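Colleague: All I have is the shape, not the residue letters:
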């Protein structure tokens, strides 16, 4: 009888630990936003309003050159931890405008934009 009670107690403790760990792992949001994966910055096709499916997805910090992007596009920053993104007129991340905060987006004319930067917090 004692072995059964000890076994049940051990099982209950293990189950509680798993629930606690699962709760901690799910504490941060992991949702895609308009098809933009969590942790990424996305550019959507010209005049796609509302934003549904991105045409370009960026994950790594630093400057990324843009090619053949004209007219109005949604740019969504689905990063976390205070990371920002900037639209820049220079092809190597120079001449950047105001940072786009995490979990926000802009509808911008990308004609004069030649690069986008993903900025560390």
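Modeller: It's in. Keep in mind the model is a prediction, meaning the values are calculated, not measured.

Colleague: Domain map for this protein?
Modeller: Using automatic domain parsing, the domain parsing of the chain gives 1-29, 41-119.

Colleague: among those, which is the most enclosed?
Modeller: Comparing those by mean neighbour count (mean count of other CB atoms under 10 Å), domain 41-119 comes out on top with a mean of 17. Every residue, glycine included, has its C-beta placed from N, CA and C.

Colleague: End to end on that domain, go ahead and measure it.
Modeller: The straight-line separation of the ends of domain 41-119 (CA to CA, to the nearest Å) is 11 Å.

Colleague: For the remainder of this discussion, apply numbering that starts at 47.
Modeller: Will do, 47 is the new start, and the previous item becomes domain 87-165.

Colleague: so where's this structure shaky on pLDDT?
Modeller: Within the chain, the ranges that satisfy pLDDT under 70 run 47-75.

Colleague: And the helices in this protein?
Modeller: 48-71 (DSSP state H).

Colleague: where along it do the strands fall?
Modeller: Taking DSSP state E as the test, the strands found in the chain are 87-89, 102-104, 108-111, 118-123, 130-134, 150-155, 161-165.

Colleague: Would you quantify the distance from residue 144 to residue 131?
Modeller: Taking CB to CB, to the nearest Å as the measure, residue 144 falls 11 Å from residue 131.

Colleague: now do residue 150
Modeller: Per CB to CB, residue 150 is found 9 Å from residue 131.

Colleague: and the closest residue to residue 158 other than its chain neighbours, what is it in contact with?
Modeller: In this structure, residue 158 finds its nearest non-sequential neighbour in residue 135, 5.6 Å apart by CB to CB, 6 or more residues apart in numbering. Listed by CB atoms under 8 Å, 6 or more residues apart in numbering, the contact partners of residue 135 are 141-142, 158-160.

Colleague: Also residue 120?
Modeller: Neighbour list for residue 120: 80, 88-90, 94-97, 151-153 [criterion: CB under 8 Å, 6+ apart].
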